[in-house]
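S.K.: Okay, predicted coordinates and the sequence, questions at the end:
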Amino acid sequence: MSAIDLLIGLLAGRQDPATLAPKDWDGVIGVARAEVLLATLAHQLDGASVPPAVAALFADQRAAAAVAQKQALWEAEMARRSLDPAGVEFVLLKGTAYAAARLPCADGRQIGDLDILVPWHDIGRAENLALIDGWEWVKQDAYDDAYYRDHMHELPPLIHAKRDRMIDVHHTILPRTHRVTPDALALVGDAVRTDMGFRVLNPADMVCHCAAHLIADGDLQGGLRNLWDFHCLTRDFAAADPGFWDRLDQRAAIHGLEGAVHRAARLARDVYGAQLSGCWDRHDPGDRWFVRRLMARDDWGRPTQFLMQQAFYIRSHWLRMPPLMLARHLWTKWRKRHSDASRGNSSS
C-alpha cells in the first residue's frame, strides 16, 4: 500500500497504526508533512500505539499546533481591536474561524494567514485602519496591486511590521471575475457569533466556502487537507443538525456553488469514507480525475503526474477569468518573470 493510502487510512480510522512497519512511517510522515496534515494526524493518533520516535514527533506537532492556534486567535483579536472601534464588522474565515468556533477540525490544523471577510462598502475603511495600525503591503508591484484590486476577491496581502503576521482582507470568497459569484452580503449578514465574540460564517456557508476554496478556486494543491476540513465540518454539523444537508443544499444554491459542494461531498466519501444519502450519494465519472489529482504524491511526498497538475492549474485560471483576460494575465506574468530573471543574470 502506498504512503498516501496509508495516511488516508490512518486519518479515516480504517488503518490500524500498530500494523505499520518503520519504513511505512517514513512514507506516511513525508506525505503528511507535504500535505500539511502532520499535526492533524498527530491529533488523530493521540494515544495510539506508535513507535517511540513517531510518538515524540507527534507530541511536538501537537504542541506546535496549539501554539500556532493561540497566535492565530491573538492576531484575530488584534484585527478586532483595530476594526471594531470604527464600526467595521468582519467575519473570520478558514482556520482561524474553525479555532474561534472551537470546531474539532481545528485540532492540529496549521493556521497561516489571518483571513477575514469585510462588506464591500467597508473595504476601504478596513484597508486604511490596517495601514494605520501597522500592517504593510507585501506586494509592491504595480501590476499585482492592480490585479488584486480589479479582479480578485481580496485586497493585496498585508503583513504586520512588528508581529510578522499576514492578513488577507476579503470582500467575497471567489475572484470578482470568476464564473461563480457567491452572495457576499448573505455570507456577512447570516454570520454567527462564537462564544469568544468573533463572527464566523454560519455552518452551511462555512462548508460552502470550504468547497469553493477546494473545488472552484484552486488547482487542488494541498487538497487532501482542504478535503479533510470539508469532511470533518459536514460530519460534525450533520451530527448536530439532522436537517443540515438540506440546509447546505439551499445555501449552495444561493451562492451558485451546488456543483462544487456536491463534488466535494462525493470526494469526501470516496477518499475519507464520508456517509452520504439521497441526492448526495451519486457518482460522477469526472470525480476520478479529482481523486487522482488529490493522490498525486510518491512515497517521499514528492508531487507526481506533472501533466495532470498543470491541467488543474490551467483549469483554476480558466474558472477565474474570461479567456482574453486570462491570456493577457498569463502573458504579463510571463514577461515579468522573464524580465526579472534577465535582470538577475545581468547583475550576477
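M.R.: Okay, I see it.
S.K.: ok, the spatially most central residue of the chain - contacts?
M.R.: Central residue of the chain (C-alpha atoms, centre = their mean): N226, 5.4 Å from the mean position. Applying C-beta atoms under 8 Å, 6 or more residues apart in numbering, we find N226 in contact with 210, 213-214, 218. Yep, even glycine has a C-beta here, placed from its N, CA and C like the rest.
S.K.: Adding secondary structure and distance to R165, write those residues out as CSV.
M.R.: Below are the contacts of N226 laid out as CSV (DSSP: H, G, I helix; E, B strand; the rest coil; distance: C-beta to C-beta, whole Å):
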residue, secondary structure, distance to R165
C210, helix, 23
H213, helix, 20
L214, helix, 24
G218, coil, 23
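S.K.: By neighbour count, which of those residues wins?
M.R.: C210 (27 neighbours; other C-beta atoms under 10 Å).
S.K.: Just give me the neighbour total for the closest residue to it other than its chain neighbours.
M.R.: In space, and not counting its chain neighbours, C210 is closest to F230: 4.8 Å by C-beta to C-beta, 6 or more residues apart in numbering. As a burial measure, F230 scores 26 neighbours (other C-beta under 10 Å).
S.K.: Can you pull the phi and psi angles for F230?
M.R.: phi -60, psi -50 (degrees, to the nearest 10).
S.K.: got the contact list for it?
M.R.: Contacts of F230 by C-beta under 8 Å, 6+ apart are 207, 210-211, 214, 264-265, 268.
S.K.: tell me the contacts of W120?
M.R.: By C-beta under 8 Å, 6+ apart, the contact list for W120 reads 171-172, 184.
S.K.: Give me the pLDDT value at it.
M.R.: pLDDT recorded at W120 is 92.
S.K.: quick thing: my sequence starts at 8, can you match it?
M.R.: All set: I'll call the first residue 8, so the last point we hit is now W127.
S.K.: what about it, distance to H160?
M.R.: Using C-beta to C-beta, to the nearest Å, W127 is found at 10 Å from H160.
S.K.: Are there residues contacting both of the two? Which ones?
M.R.: With C-beta under 8 Å, 6+ apart as the test, W127 and H160 both reach 178-179.
S.K.: List the buried residues of the longest helix along the chain.
M.R.: Using DSSP state H, we find that the single longest helix of the chain is helix 59-90. Across helix 59-90, burial judged by 16 or more other C-beta atoms under 10 Å covers 61-62, 64-65, 68-69, 72, 75-76, 79-80, 82-83, 85-87, 89-90.
S.K.: list the helices and strands it packs on?
M.R.: Packing partners of helix 59-90 (3 or more C-beta pairs under 8 Å, 6 or more residues apart in numbering; DSSP states H and E): helix 29-41, helix 45-51, helix 101-107, strand 121-124, helix 130-139.
S.K.: Can you give the distance of it from its chain's centre?
M.R.: 17 Å (C-alpha atoms, centre = their mean, to the nearest Å).
S.K.: could you give the mean pLDDT of that helix?
M.R.: 95.
S.K.: cool, and stretch 339-355?
M.R.: 61.
S.K.: again with stretch 161-169
M.R.: Mean predicted confidence for stretch 161-169 is 89.
S.K.: Settle this for me: V199 is touching R206, isn't it.
M.R.: Yes - with contact defined as C-beta atoms under 8 Å, V199 counts as touching R206 (7.0 Å).
S.K.: out of these two, which sits in the busier spot?
M.R.: R206 (18 against 14).
S.K.: quick one: contacts of stretch 97-109?
M.R.: Stretch 97-109 is contacted from outside by 76, 79-80, 82-83, 86-87, 90, 112-113, 116-119, 121-125, 133, 177, 180, 194-195, 198, 201-203, 205-208, 213, 216, 220, 236, using C-beta under 8 Å, 6+ apart.
S.K.: Next, the buried residues of that stretch.
M.R.: So stretch 97-109, judged by 16+ other C-beta under 10 Å, has buried residues 97-108.
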